[in-house]
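[1] The sequence and its predicted three-dimensional model are supplied below.
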Amino acid sequence: NAGVMQNPRHLVRRRGQEARLRCSPMKGHSHVYWYRQLPEEGLKFMVYLQKENIIDESGMPKERFSAEFPKEGPSILRIQQVVRGDSAAYFCASSPRESATSEQFFGPGTRLTVL
Amino acid sequence: GESVGLHLPTLSVQEGDNSIINCAYSNSASDYFIWYKQESGKGPQFIIDIRSNMDKRQGQRVTVLLNKTVKHLSLQIAATQPGDSAVYFCAEAQVGGKLIFGQGTELSVKP
């Protein structure tokens, strides 16, 4: 049973370009969470999605960032017009159900570098 | 506001010794906490969790203690091994499942 998969593992973009990060949850999981980790810091919640729905985007910047989890295919975190401050590791986690007591399984992350 | 934080950013222990990593949280309504281990270049890996109706939970070589009176969590690792070297995060689960992470403690095990 494959774990959470993320790609690409490393992504380099120049300022102003777009970054697309993909996350395939574990088989049977329909809940996806995205987190951002700056160097030497803990992970910060960005957005929580279920299939075709955004449930909680309270941690997502209002501009340039968007996320989706279509009926078919992976969840996508999209960053438009990237700036140097967007450089970070982006992790996604999946869970089989919505619950504050349900374990989340993390992917290996995408490390975004903005030049 | 809500926050989860760790007391010490780094911890160095001798191989074979026990390690204790501490964490404070501020939301007294929280009822589910998790410890994660993160090795360099990897995603967080679940270690152990505890619900607020418990004070202690044990796993293989790890124990989590929860003191709700002072809103404090600790992770104890018995007989620490070089493979335990990593950054350890405590996390607090909120409604809907989103996790609030602490800053992290880097554990270094000396042979």
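    All right, it came through fine. Please read these numbers as outputs of a predicted model, since none were measured by experiment. Numbers count the residues shown, from 1 in each chain, chains lettered A, B, ... in the order given.

[2] The residue nearest the centre of chain A in helix, strand or coil?
    Nearest residue to the geometric centre of chain A (C-alpha atoms, centre = their mean): A:Trp34, 3.5 Å. When classified by DSSP: H, G, I helix; E, B strand; the rest coil, A:Trp34 comes out as strand.

[3] And the residue nearest to A:Arg14 when sequence neighbours are not counted, how far from chain B?
    The shortest distance from A:Arg14 to any non-neighbouring residue, by C-beta to C-beta, 6 or more residues apart in numbering or on different chains, is to A:Leu115 (5.1 Å). In short, each C-beta sits where N, CA and C put it, glycine included. Separation of A:Leu115 from chain B (C-beta to the nearest C-beta, to the nearest Å) stands at 20 Å.

[4] mind listing what A:Leu115 touches?
    Counting by C-beta atoms under 8 Å, 6 or more residues apart in numbering or on different chains, A:Leu115 touches A:12-15, A:84.

[5] List phi and psi for B:Val95.
    The phi/psi pair for B:Val95 (degrees, to the nearest 10) reads phi -50, psi 130.

[6] hang on, I meant A:Lys62
    Torsion angles, degrees, to the nearest 10, at A:Lys62: phi -70, psi -30.

[7] Show me what B:Arg51 is bridged to.
    Counting by DSSP bridges, B:Arg51 forms beta bridges with B:Tyr32.
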